[in-house]
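>>> Here is my input, please return the structure:
(one chain, ligands or ions: 1)
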Amino acid sequence: MKNNRWYPLYHVAAPVGWINDPNGFCTYKGQYHLFYQYHPYSAQWGPMHWGHVVSDDLAHWKHLPIALRPDESYDRNGCFSGSAIEHDGKLYLMYTGNVALPNECGFQDQALAVSDDGIRFTKYEGNPILPAPTSDSINGSDFRDPKVWKKDGKFYCVIGSKNVEGTHGQVLLYESDDLKDWRFKNISARAEGNEGNMWECPNFCEVDGQDVLIMSPMGIERKENKFVNAVDSGYMIGKLDYYTGIFNHGEFDLLDYGSDFYAPQVTQTEDGRCIMIGWLAMWFADMPEQQDGWAGTMTVPRELHIRNGKLVSVPAKELESLREGKVSHKNLNISVPTQLDGVKGVTGELIAEIDTANSDNFSIALRADGDEKTLLTYDKETATFSLNRENSGAGPKDGREVVLTPEEILKLRIYLDRSSIEVFVNDGAAVLTSRIYPAETSQDIIFIPTGDKLTLKQVTFYKLGQGIAQ
Ligand code: FRU
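Reported below is the predicted structural model:
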């Protein structure tokens, strides 16, 4: 029996083994499919397979058999990240074949697999469909993570890469009529200055009528409270010129301020929303769940929007179907640390609205018991919001912070699961996503005024039901 002390109740995770990037996030025959980088034979990264889950509603997921295994010469050291698309009633997976060579730099190529039922996949006999490029502007050893989409009857895909010198990340655009023959269009965007030396997992999507490039750069240096993790994901808003293949864009910015968010992938739903799921873990981080035979989870699905020129994300509305019990408190003025009736738990959704004009600085302790706690803190003077996991239990001990645009009412929407916390601040203006590893007995939620007044406009707590097999 697996020890479930940190195993998620409703976030996607593998039944056993290691996962990293979300892959192939798509809709097919009326269902959501999500694949993931998977090493089923241990809780460590290893030769990558594609694990697979399916959902009718983005909230309740079912495990399906492994979709891809590294069993061909062109993917022998791993079926790396990629994407999925429906075409002529079939589901196509486009992914990276990773090939390592003894004593020299290996290479990466792109491959295709196809399914009639969305469950069993056959690799295309013409693989690899895109061999590693040999060019004086593209580094063929890092050429991975194709994300495919369709526009005006044509297929396009972006692939992550870097320049030959290995100093700057870049994203390559290709086009195709049939998903099999691909033509190189252009280097769509490239890193400038401190924007990373390799761009992994690029995504192109349309959000509120604008084009957005989301990618996961390696090698960005920390800039104040941004890009603090080993690797971080970011985005640029702009316009893709489909004729030249060039993406004209604004500034590069960070997607999530927590310790554990990487390699997100998006899909466009049938009703036109752009939904993103990320890997809720971090390369090189301590993952105590490995003792229990598994490692890594996915974030909740998040709906993307553009507000004031920035990309914001809010929990997908379908997550409301996980809600079970509801407790609500309104208009409370507190001057000492306070727990509210019915507001506690290992898992759950907490919504809090704080009247900052009538409050001093404050903290909220979650998953708390005695000295153990995960602490959210707001400092009014600097409008700094922080998530601290120095006393969260097992696992990494650190803090992350973000400077907010001050609002009279500070709104928080928090998803707690057995080993994660996702904090959506001010309707997604900032998001902090981190793993935490408290004891199962640490369940208290405590509102802590730092001065003598804290005005809670409202606090609502929902128990959440099971979303993934245990
Ligand atoms: C990103 C990544 C991808 C690669 C995969 C391998 O986390 O490095 O670029 O395809 O993980 O598992």
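>>> which residues does whichever residue of the stretch 351-470 of the chain sits closest to the ligand contact?
Nearest residue of the stretch 351-470 of the chain to the ligand, counting by C-beta to the nearest ligand atom: Thr433, 15.2 Å away. All C-beta atoms are positioned from the backbone trio N, CA, C, and that covers glycine. Applying C-beta atoms under 8 Å, 6 or more residues apart in numbering to Thr433 gives the contacts 256, 258-261, 278, 280, 299, 420-423.
>>> quick one: which of the residues you listed sit in strands?
278, 280, 420-423 (DSSP state E).
>>> Which of the residues you listed are buried? Put it as a PyMOL command.
A single PyMOL command selects the buried members of the ones in strands among the contacts of Thr433 (16 or more other C-beta atoms under 10 Å):
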select buried, resi 278+280+420+421+422+423
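>>> export the ones in strands among the contacts of Thr433 to a markdown table and tack on pLDDT and distance to Leu91?
Shown next, in a markdown table, are the ones in strands among the contacts of Thr433 (pLDDT from 0 to 100; distance: C-beta to C-beta, whole Å):
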| residue | pLDDT | distance to Leu91 |
| --- | --- | --- |
| Gly278 | 98 | 22 |
| Leu280 | 98 | 25 |
| Ser420 | 98 | 29 |
| Ile421 | 98 | 34 |
| Glu422 | 98 | 29 |
| Val423 | 98 | 34 |
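>>> Looking at the ones in strands among the contacts of Thr433, which is nearest Gly82?
Nearest to Gly82 out of the ones in strands among the contacts of Thr433 is Gly278 (C-beta to C-beta; 16.0 Å).
>>> Leaving out chain neighbours, which residue sits closest to the closest one?
The shortest distance from Gly278 to any non-neighbouring residue, by C-beta to C-beta, 6 or more residues apart in numbering, is to Pro264 (3.6 Å).
>>> what do you get for Asp116?
Closest to Asp116 by C-beta to C-beta, 6+ apart is Lys90, at 5.8 Å.
>>> how close does the one you found sit to Asn333?
Here the criterion is C-beta to C-beta, to the nearest Å. By it, Lys90 lies 60 Å from Asn333.
>>> Please apply the same query to Tyr235.
Going from Tyr235 to Asn333 by C-beta to C-beta gives 39 Å.
>>> Tell me which of these two has more neighbours.
A direct count of neighbours by other C-beta atoms under 10 Å for Tyr235 and Asn333 places Tyr235 higher, at 23 against 12.
>>> name the element the more buried one belongs to?
According to DSSP states H and E, Tyr235 maps onto strand 234-240.
>>> Over to Ile220?
Ile220 belongs to no helix or strand, assigned by DSSP H and E.
>>> was I right about it contacting Gly193?
No. With contact defined as C-beta atoms under 8 Å, Ile220 does not count as touching Gly193 (9.8 Å).
>>> between those two, who's got more neighbours?
Between Ile220 and Gly193, counted using other C-beta under 10 Å, the more crowded position is Ile220 (22 against 9).
>>> is the residue nearest to Asp116 in a bridge, and if so with what?
His87 (DSSP bridges).
>>> Could you report the separation of it from Ala111?
16 Å.
>>> Quick check: Gly296 touching Leu280?
Yes. Between Gly296 and Leu280 there is a contact under C-beta under 8 Å: 7.3 Å.
>>> if we can go back for a sec, any chance of the ones in strands among the contacts of Thr433 in CSV, with distance to Leu311 too?
Below are the ones in strands among the contacts of Thr433 laid out as CSV (distance: C-beta to C-beta, whole Å):
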residue, distance to Leu311
Gly278, 13
Leu280, 18
Ser420, 22
Ile421, 21
Glu422, 16
Val423, 17
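>>> what helices or strands is the helix or strand in which the residue nearest to Gly278 is found leaning on?
In this assignment (DSSP H and E), Pro264 forms part of strand 262-268. The contact analysis (3 or more C-beta pairs under 8 Å, 6 or more residues apart in numbering; DSSP states H and E) places strand 262-268 against strand 17-28, strand 198-207, strand 210-218, strand 274-280.
>>> Sort out which residues of the helix or strand harbouring Tyr462 are buried, please.
Assigned by DSSP H and E, Tyr462 belongs to strand 454-464. Neighbour-count burial for strand 454-464 flags 454-462, 464 (criterion: 16+ other C-beta under 10 Å).
>>> Among those, which one lies nearest to Gly118?
Leu464 (27.2 Å).
>>> thinking that closest one is in contact with His11, fair?
No. In this structure, Leu464 is not within contact of His11 by C-beta under 8 Å, at 10.4 Å.
>>> got the residues of the stretch 1-150 of the chain near the ligand?
20-21, 37, 48, 80-81, 96, 144-145 (C-beta under 6 Å from any ligand atom).
>>> buried sites along the lowest-mean-pLDDT helix or strand in the chain?
For the chain, the helix or strand with the lowest mean confidence is strand 104-115, at a mean of 92 (criterion: mean pLDDT, DSSP states H and E). Residues of strand 104-115 classed as buried by neighbour count (16+ other C-beta under 10 Å): 107-115.
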